[in-house]
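1. take a look and give me a structure for this.
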Amino acid sequence: MEEPIVIAAAILLDRDGRMLTVRKRGTVEFMQPGGKIDPGETPVQALARELIEEIGVTLPDLSQVSDHGVFRAPAAHQPGRTVEAHVFAFGHDRPVGVSGEIEELAWVDPHAPADLPLAALTRDFMLPLARSLRRER
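-> Next comes the predicted model:
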């Protein structure tokens, strides 16, 4: 059995409690911004790097970022593989851009994500987590 793909992922919530999702170039499913953790990086360091590369967002002061643990799900774009995601959440109300490997973004109501095709990790873990975070805001 192959090792899981280890990533850091962000749940970004705007003032209205919507969660940011992104779609990578050449793919169909929307997911959280973030990406693979490089050797020698901590999950937070990887997340900070990926957010700048993908959507031009600087990770806020760590006191404003909550660590929600590690979740496993089938990998969205690598059949037969598992993704292991270190998940962090924070509020974000500034403009977000599309860059790097990201082709499209969508702000999603966690209670009604419309008909967007969602990665298993987003659908099964991030939406429920975003719903609970939305109640806390």
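2. which stretches of the protein form strands?
-> For the chain, the strands defined by DSSP state E cover 5-13, 19-24, 34-36, 66-74, 82-91, 102-108.
3. now mean pLDDT, mean neighbour count and distance to T58 too, for these, in TSV please.
-> Heads up, the C-betas are built off the backbone N, CA and C, glycines and all. Formatted as TSV, those follow (pLDDT from 0 to 100; neighbours: other Cβ atoms under 10 Å; distance: least, Cβ to Cβ, whole Å):
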stretch	mean pLDDT	mean neighbour count	distance to T58
strand 5-13	96	23	12
strand 19-24	96	23	14
strand 34-36	96	19	14
strand 66-74	96	14	17
strand 82-91	96	20	11
strand 102-108	95	16	16
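4. give me the nearest residue to I52, chain neighbours excluded.
-> Nearest non-adjacent residue to I52, counting by Cβ to Cβ, 6 or more residues apart in numbering: T58, 6.4 Å away.
5. ok, L20 next?
-> Nearest non-adjacent residue to L20, counting by Cβ to Cβ, 6+ apart: L12, 4.2 Å away.
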